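J.: Sequence below, structure please.
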Amino acid sequence: QLQLVESGGGLVQPGGSLRLSCSASGSTLNVYVIGWFRQAPGKEREGVSCISLNDGRTNYADSVKGRFTISRDNAKNTVYLQMNNLEPEDTAVYYCATPGPFRPCVLYPSVMNYWGKGTLVTVSS
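T.: All right, here's what the predicted structure looks like:
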């Protein structure tokens, strides 16, 4: 059973940066893709970015392209989301998730089968 644990959230001023971490355990990880999703108050959960743990291919939502960078450290079983130039609209609970083994890197929350519990990111002055 794959387990995902997020960390790194917090309060940051507009224009600032944060790095989120998603630690994975419990399975053979290089057959998975890991995605970051977020849910703002009163809004639906949306995809942010995903990465293949096998070949490192990535995918980004248009709203974060050029500001967020996803990366992996397979030796540490960890996926990172570096978030730069943060905006108040980025305020949300951020989750990492996976659809399961041998699945494509997509940003649809409905196809994810394993979720972490989330970490809160607040962008405010």
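J.: quick one, what contacts the spatially most central residue of the chain?
T.: Note on the chain: the residue nearest the mean C-alpha position is residue 36, at 2.1 Å, using CA atoms, centre = their mean. Counting by CB atoms under 8 Å, 6 or more residues apart in numbering, residue 36 touches 20, 22, 47-50, 70, 79, 81, 94-97. From N, CA and C alone the C-beta is placed, and that goes for glycine too.
J.: who's it bridged to?
T.: Assessed by DSSP bridges, residue 36 has beta-bridge partners residue 49, residue 96.
J.: how close does it sit to residue 12?
T.: Going from residue 36 to residue 12 by CB to CB, to the nearest Å gives 16 Å.
J.: repeat for residue 27
T.: Distance from residue 27 to residue 12, by CB to CB: 32 Å.
J.: residue boundaries of the strands in the protein?
T.: Secondary structure of the chain (DSSP state E): strands at 3-7, 10-12, 18-25, 33-39, 46-52, 58-60, 68-73, 78-83, 92-98, 114-115, 119-123.
J.: just checking, residue 46 touches residue 64?
T.: No - look at residue 46 against residue 64 with CB atoms under 8 Å: they stay out of range, at 10.1 Å.
J.: Between the two, tell me which one has more neighbours.
T.: residue 64 (21 against 15; other CB atoms under 10 Å).
J.: and that one, what are its phi and psi?
T.: Torsion angles at residue 64 (phi, psi; degrees, to the nearest 10) stand at phi -120, psi 0.
J.: and the closest residue to it other than its chain neighbours, what does it touch?
T.: Nearest residue to residue 64, sequence neighbours excluded (CB to CB, 6 or more residues apart in numbering): residue 48, at 5.7 Å. Going by CB under 8 Å, 6+ apart, residue 48 touches 35, 36, 37, 38, 60, 61, 64, 68, 81, 94, 107.
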